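**Student:** next one to model:
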Amino acid sequence: MNIYPWQKSTWVEVFSNKLKMPHAYIFYGAQGTESHKFVDELIKSVLCSSPSSENFACRKCQDCLWSETNHPDLKVVESALDRGEKVSTDTLNVANAREVKNFLELTPHQENGKKIVVIYGAERLTIASSNALLKTIEEPPNNCLIIFTVNNLANLLPTITSRCRLIAFSKPNIKDAEEFLRQSDNANLIDNLSLFNNSPLELINNKEMLSNVYIVIGELKKGDEIDLMKVNSIWLNNGLVWIINILQKWAYELLLCKLSDEHNYFPSDKEVVRKLALNADLSKLLIYQNSLNTIKSYAQKAVNKEINLNSVMIEYKNIFTN
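**Tutor:** Next up, the predicted model:
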């Protein structure tokens, strides 16, 4: 089984009626690597001549061997940036939509087989390319399968989503997440799962950044005694968006504790969070969260990172002063 353990229910859902699979799917709500792994396995299964009883590819037939290189019934849509061309934006344009239409009009190589098109990161579709694809989705050729992946469903046009089967990826529960970390030799990271929304993949992808997380949290624990001189370039090593995400989670933890005495992201720091929350001014804390949201909205643009960081850290310190 080459999917993640917590994806098994999604796999069963997709193959609940293999003979009447829809012509178009949208998979959403997962990281790129997570959705790629699932869709890659799905493609191989559909193309396989002798899938298992659980609908996994045999990996031995000619179609499976082709799937490892370049199967004639499979097309993965790429942007110009994917192809290594020098372009200013990573978008999928009308030309890409025409490629899909032309490819699906060809006869499948397999007898009674399907022509499969995969569009990873479908949020890159422009409005024009989405509209160009719409005709193909509305009146699909026989024996075709179109697969979209997207992190946030809201990033696709409603006219596209309404004509596809929507499949939300399941999220791992605590038990699955911890077991995955153990089996992947990352048991030492288990205590950090809460910080990464219980996603073992996100945690593993960011484990090299944990030392910087500890530095930041160590200062934030000081409240109004924080030494602003220690807010230095190290905090921005991973970018402005990264540090704002950490600050947002810490601010949310303070607010959650102040309003309900509960905890989410930092369970091991309960006592420190409770003490800070007790001394925090609620109105200032709410304003601080709004400031973080505002900075995050433009953090990926060309802005002065140091000035923005210094500003929110001064504001953070003032949350605990009268």
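**Student:** where in this protein is pLDDT low?
**Tutor:** 1, 80-89, 322 (pLDDT under 70).
**Student:** so what secondary structure elements neighbour the longest strand seen in the chain?
**Tutor:** The longest strand of the chain (DSSP state E) is strand 144-150. Contacts defined by 3 or more C-beta pairs under 8 Å, 6 or more residues apart in numbering; DSSP states H and E place strand 144-150 against strand 24-28, helix 32-47, helix 94-104, strand 115-119. In this view, the C-beta of every residue, glycine as well, is placed from N, C-alpha and C.
**Student:** contact partners for Y265?
**Tutor:** By C-beta atoms under 8 Å, 6 or more residues apart in numbering, the contact set of Y265 is 194-195, 249-250, 252-253.
**Student:** could I get these as TSV with distance to K230?
**Tutor:** As requested, the contacts of Y265 are exported to TSV (distance: C-beta to C-beta, whole Å):
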residue	distance to K230
S194	25
L195	21
K249	20
W250	16
Y252	23
E253	21
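**Student:** adding neighbour count, write those residues out as TSV.
**Tutor:** Shown next, in TSV, are the contacts of Y265 (neighbours: other C-beta atoms under 10 Å):
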residue	neighbour count
S194	18
L195	24
K249	19
W250	22
Y252	16
E253	25
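**Student:** circling back to that earlier point, could you dump the helices and strands packed on strand 144-150 into a markdown table with mean neighbour count added?
**Tutor:** Shown next, in a markdown table, are the helices and strands packed on strand 144-150 (neighbours: other C-beta under 10 Å):
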| stretch | mean neighbour count |
| --- | --- |
| strand 24-28 | 22 |
| helix 32-47 | 20 |
| helix 94-104 | 17 |
| strand 115-119 | 23 |
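**Student:** so which of the ones you listed comes closest to P267?
**Tutor:** helix 32-47 (24.3 Å; C-beta to C-beta).
**Student:** quick one: that closest one to strand 24-28, angle?
**Tutor:** Using axes from the mean of the first three to the mean of the last three C-alpha atoms, to 10 degrees, one finds that helix 32-47 and strand 24-28 are set 150 degrees apart in direction.
**Student:** what is the helix or strand just after helix 32-47 packed up against?
**Tutor:** Counting by DSSP states H and E, the next helix or strand C-terminal to helix 32-47 is helix 62-67. On a contact count with 3+ C-beta pairs under 8 Å, 6+ apart, helix 62-67 meets helix 32-47.
**Student:** one more pass at 10 Å, please.
**Tutor:** Applying 3 or more C-beta pairs under 10 Å, 6 or more residues apart in numbering; DSSP states H and E, we find helix 62-67 packed against helix 32-47, strand 74-76.
**Student:** so which of the contacts of Y265 are in helices?
**Tutor:** 249-250, 252-253 (DSSP state H).
**Student:** show me where the stretch 151-300 of the chain has strands.
**Tutor:** 165-168 (DSSP state E, counting those that start in this stretch).
**Student:** from Y214, how far out is S311?
**Tutor:** 23 Å (C-beta to C-beta, to the nearest Å).
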